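Asks: Dropping a prediction and its sequence here:
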Amino acid sequence: MQIETDKTMTTTSIAGRTEAVTVKSYYKIIPKILSGRLLGCGTQKPILTEEDVDYLVRNTAITKEQVDSQFQIFLTNHPDGMISKKSFHSMMKACYPGADTERLSKHIWRMYDINLDGHIDFREFMVVLYVMSNGSPEENLKQIFRVFDINNDGKINIAEMKRIVNDLFKLIDEKDVENASKEILVQSAFTEMDENGDGEISQEEFIKACLSQKKFSTMLTLKIIDIFITK
């Protein structure tokens, strides 16, 4: 896979570090790493329906043979054909030892459980995996938007933004950051993203702010991406 690398910028992290980042590369690399780990982490056998195969072939560049192969790997690790919240949390804990995985898993879970049925099935898993590893930056950001949209209403309000920032700092364990800095980040990012000033951030506004490389919007989004690519 050829990762796009046509936009590079320098940004200052919340802790004061200066980092060179490639925007499109960042937005394309994220849960490919997480998904790879989940696929490799460790009753009646579920059957992959023709409808699911056709859907995946139609909506991704994956062939029928690749779908079948990935399904067998998925079943090896998840014999009932689904990933439960408990299993997801356990895998996140194994993948990110030392982090507050309870909060992390709840936020990342929303990227995968698209139909909100409390499970991640093979189809949901593969669609996110494909989009995040091969999709456009816009498609990637649509998935990241789901992390912020805690109540799944298609919008981000200021309370959701505050919660994500607070949980994010606990996840990355940046204890040297003052509460005032968190509040500045929340208010600044929210103002940048809420282009029409209606007190809510739509998916379109979120994507536009991130792709426009607005300072605080980009800083916050990259901090979420850092969770997936730091050791």
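Replies: Great, that's in hand.
Asks: Grab the nearest non-local neighbour of residue 57.
Replies: The shortest distance from residue 57 to any non-neighbouring residue, by C-beta to C-beta, 6 or more residues apart in numbering, is to residue 64 (5.7 Å). For every residue, glycine as well, the C-beta is placed using N, CA and C.
Asks: likewise residue 61?
Replies: In space, residue 61 is closest to residue 134, 6.6 Å off (C-beta to C-beta, 6+ apart).
Asks: ok, the one you found - how many residues close by?
Replies: 17 (other C-beta atoms under 10 Å).
Asks: Show the contacting residues for residue 81.
Replies: Residues near residue 81 by C-beta atoms under 8 Å, 6 or more residues apart in numbering: 46, 74-75, 121-122.
Asks: Could you dump these into CSV with neighbour count added?
Replies: Compiled in CSV, these are given as follows (neighbours: other C-beta atoms under 10 Å):
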residue, neighbour count
46, 16
74, 21
75, 16
121, 19
122, 20
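Asks: Among these, which one lies nearest to residue 202?
Replies: residue 121 (27.8 Å; C-beta to C-beta).
Asks: And the residue most central in space within the chain, how far from residue 135?
Replies: Centrality entry for the chain: nearest residue to the mean C-alpha point is residue 144, 4.4 Å, by C-alpha atoms, centre = their mean. Distance from residue 144 to residue 135, counting by C-beta to C-beta, to the nearest Å: 11 Å.
Asks: returning to that earlier point: pLDDT at the residue nearest to the centre of the chain, what is it?
Replies: Note on residue 144: pLDDT of 89.
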